[in-house]
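A.B. asks: Could you work out the structure for the sequence below:
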Amino acid sequence: MQKNHISQIDPSINVKSFGLLADGTEINCYTLTNKNGLICEVLNYGATIKSLMIPTSTGKVVDVVLGFETIEDYVNSFQLPNATYFGTVVGRYAGRINQGQFEWNGKHIQLSQNHNQHQIHGGIKGFSLHAWEVIDFIENENPSITLQYISPDGEEGYPAEVRVEVQYTLTEMNELQVNFKATSSEDTVINLTQHSYFNLNGHQHKVIGQQLQVHSNQILETTNELIPTGNFISLKDNAFDFSSTKDCPTMIDTTFVLSQPKAAVLFSEQNQLQMSVTTNQPAVHIYVGGNCFDQIKGKEGAAYHPLSGICFEAQNYPDAPNHSHFPSSILKKGATYQHQTAFKFEIL
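C.D. replies: Now for the predicted structure:
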């Protein structure tokens, strides 16, 4: 295994410019390739997975994640009627926080509100909308890239400065491993996730007809604005019981409670391609969507619609700071937040 500092990498092989942000910051596209021909492209804007190319048994290569061709499209996607967050890292807190507020160490914390009166996915300018710094790149066997973002104290209303790293590794076992690490200057809350939209038939298609299994017996009960009530719903005799394999749903925006690392499996009969999701997180939020409202074209001119992809957002429970019986989202000063999620691809 050969480790390279970013400045030593041949840019014609691993790095290419992806354009400039409005403030002049250059965004690059970094390419990971394993020995089996899997290719993952990563942007340092939002630590975004831009593409994930999987060779199939027919020799065809399928791009299984949604994304855009230009940095302008990624930036403009946050102005859509429903921001897509294609492939980004979401933080400081993934999911919804009721009224964008919670009580913290005897103080009232008011966050920015970007989802009616609530906060979603870290606020108006969460981690997904920032340029990250590439701090490490490993080539050859099990190639990986590590990106870092430092979130200042008070950003979007959150207390403490937080230093976040995400490492993407493309293993020789055809896994895309996502490893988060974070430390904080003071006690705070944190909940990170990777927000790729998958489609095993290819990013231009619909997820209808693909098969889904979720290893869960409960989901979080929510209000009609999808804010957790604090209660749990048994999946016995429930339409969202995917303990046995079923067709991928056409509408879902739901947090599944996990009791084991195996979270979910998605299967495409068309490509005989299976993706397994494992995580050390207590939940996976599953969402079908990707609609760009005919305002922005996707990769290869794709017109993304409400059935374009499915997200597996491994994370803590949404709104955990407001529910003491939910798993704690507190990151103590001196402690390290660690989150591991893996997406494994197999030809069946």
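
A.B. asks: For the one helix or strand T169 maps to, name the packing helices and strands.
C.D. replies: Using DSSP states H and E, T169 sits in strand 162-170. Counting contacts by 3 or more Cβ pairs under 8 Å, 6 or more residues apart in numbering; DSSP states H and E, strand 162-170 is packed against strand 26-33, strand 39-43, strand 133-139, strand 144-151, strand 175-184. For every residue, glycine as well, the C-beta is placed using N, CA and C.

A.B. asks: Can you report phi and psi for Y74?
C.D. replies: Phi and psi for Y74, reported as degrees, to the nearest 10, are phi -60, psi -50.

A.B. asks: Please name the nearest non-neighbouring residue to it.
C.D. replies: When the adjacent residues along the chain are set aside, Y74 lies closest to F68, with 5.3 Å between them (Cβ to Cβ, 6 or more residues apart in numbering).

A.B. asks: Surely S268 touches H205?
C.D. replies: No: using Cβ atoms under 8 Å, S268 is not in contact with H205; the gap is 9.2 Å.

A.B. asks: Just want to know which of the two has more residues nearby.
C.D. replies: Legend: neighbour count by other Cβ atoms under 10 Å for S268 and H205, higher for S268 (24 against 18).

A.B. asks: and the residue nearest to the more buried one when sequence neighbours are not counted, how far is that from Q211?
C.D. replies: Counting by Cβ to Cβ, 6+ apart, S268 lies nearest to L200, which is 3.5 Å off, once chain neighbours are set aside. To Q211, L200 is 9 Å away according to Cβ to Cβ, to the nearest Å.

A.B. asks: one step back: next, the residue nearest to S268: phi, psi?
C.D. replies: Residue torsions, per degrees, to the nearest 10, at L200 are phi -70, psi -10.

A.B. asks: Check N322 too.
C.D. replies: Main-chain dihedrals, N322, degrees, to the nearest 10: phi -100, psi 10.

A.B. asks: same thing with the one 3 residues further on?
C.D. replies: Its backbone dihedrals place H325 at phi -90, psi 0, with angles given as degrees, to the nearest 10.

A.B. asks: Now do the contacts for the nearest residue to T48 once chain neighbours are set aside.
C.D. replies: Closest residue to T48 apart from its sequence neighbours, by Cβ to Cβ, 6+ apart: G87 at 4.4 Å. Listed by Cβ atoms under 8 Å, 6 or more residues apart in numbering, the contact partners of G87 are 43, 46, 48-50, 65-67, 194-197.
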